[in-house]
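**Q** Quick one: sequence plus predicted model below, questions after.
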Amino acid sequence: MKADLPLIGLEGVAKRYGAVEAVRDVSFSLPAGARVALVGHNGAGKTTLMKLMLGLIRPSAGRLHVLGQDPAEGAAETRRRLGWLPENVTFNPALTGRELLCFFARLKGEPVSGADALLERVGLGAASRRRVGGYSKGMRQRLGLAQALLGSPRALLLDEPTTGLDPEVRQGLYSMLSDLAEGGTTVLLSSHALEELEGQVERVVILDHGSVVADGTVAELRRLARLPIRLRLTLAGEEAPEWFGPAGAVRQPGPGFFEVSCTPEAKMELLRQATGDRRIADLDLLPPTLDELYSHFLRLRQEAAR
Ligand SMILES: Nc1ncnc2c1ncn2[C@@H]1O[C@H](COP(=O)(O)OP(=O)(O)OP(=O)(O)O)[C@@H](O)[C@H]1O
């Protein structure tokens, strides 16, 4: 692989299924060790992009390179260096976790001797000899991740890996992905659940109807969107400070506390006012959520299309 190439790169990639334009003119690149989320509504093109990167389907236009190769050329060595967790992973319920992982290891041409260590790593050590039919959703997802990790892949493509997981299992999965990225593995995951991505990925690529509508760190997207910032203020007594109105739009979501929305530039002045006023008992800064950013970028695109 050429040193100057990112691990995965897409240039003007399009994919048509008959009349459906599943992916349109998509370009981005993923360096080694990146943790990136592909975010979009149902049918936005997330799975199609992953299948293109895996070489399972060919682009209608544009170029892809994955580990220095065109994935559609199907080089076996390139495929072995990629791990994939499909969206709806199903396993033979009659087999144990260990049997299944050994089966996948043989398919991938990897030694089965690493299966136990991998099962330990994803937290399935104790359950490895139980039948998968009795596994919970979280356990099946972890087995799916173990399967994707076979052969120490350089890039992991995970299609909605956290769907249906409880918060604790989800956090465990994210911390595992963070460790892998620290070790240089590129992690690309798709998700609808924007809120849970905060702090878990460095970059978010927002897709809408097959096109990229925004691509950046969460902080960059917030700066670009310039959405109002909310300050939630809890009053010490009855009296609402006179500067509330002029400071920005005011809402009272409940008794004794207010939300003041202001522009990003007005934020520091508002904070100074609030922290210097004894009538304010407590405050929370509420930056725009990822969901709000997502809606903002979709709205911009729809307006531009009119
Ligand atoms: N094999 C196929 N044949 C025809 N159309 C397809 C095929 N695969 C995907 N599509 C269409 O391409 C578009 C993108 O689908 P894709 O599965 O990539 O979306 P997605 O973002 O992964 O959606 P979801 O969040 O629902 O999984 C959709 O309109 C879908 O119906």
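**A** Done, it's in. Numbering: from 1, shown residues only.
**Q** What parts of the stretch 51-200 of the chain come near the ligand?
**A** Listed as neighbours of the ligand in the stretch 51-200 of the chain under the rule Cβ under 6 Å from any ligand atom: residue 87. C-beta coordinates here come from the backbone N, C-alpha and C atoms, glycine included.
**Q** at 8 Å what do you get?
**A** Residues of the stretch 51-200 of the chain lying close to the ligand by Cβ under 8 Å from any ligand atom are 51, 57, 87, 159-160, 190, 192.
**Q** Farthest-apart pair in those, please.
**A** Spatial extent of these (Cβ to Cβ) is set by the pair 57 and 192 at 21.9 Å.
**Q** For the residue lying closest to residue 119 once chain neighbours are set aside, which residues are in contact?
**A** The spatial neighbour of residue 119 that comes closest, neighbours along the chain excluded (Cβ to Cβ, 6 or more residues apart in numbering), is residue 128 at 4.4 Å. By Cβ atoms under 8 Å, 6 or more residues apart in numbering, the residues touching residue 128 are 96-98, 101, 115-116, 119.
**Q** mind checking how far residue 128 is from residue 15?
**A** From residue 128 across to residue 15, the span is 38 Å (Cβ to Cβ, to the nearest Å).
**Q** In terms of helices and strands, where is the one residue in the stretch 51-200 of the chain that gets nearest to the ligand?
**A** Of all residues in the stretch 51-200 of the chain, the one sitting closest to the ligand is residue 87 (5.7 Å; Cβ to the nearest ligand atom). Using DSSP states H and E, residue 87 falls within no helix or strand.
**Q** Report pLDDT for it.
**A** pLDDT for residue 87: 87.
**Q** same question, the one 10 residues further on
**A** Taken from the predicted model, the pLDDT recorded for residue 97 is 96.
**Q** again, but for residue 248
**A** 69.
**Q** And residue 222, by the same measure?
**A** pLDDT recorded at residue 222 is 85.
**Q** how near is it to residue 297?
**A** Note on residue 222: its distance to residue 297, by Cβ to Cβ, is 11 Å.
**Q** in what helix or strand does the closest residue to residue 48 other than its chain neighbours lie?
**A** Leaving aside its chain neighbours, residue 48 sits nearest to residue 22 (4.3 Å; criterion: Cβ to Cβ, 6+ apart). According to DSSP H and E, residue 22 maps onto strand 20-30.
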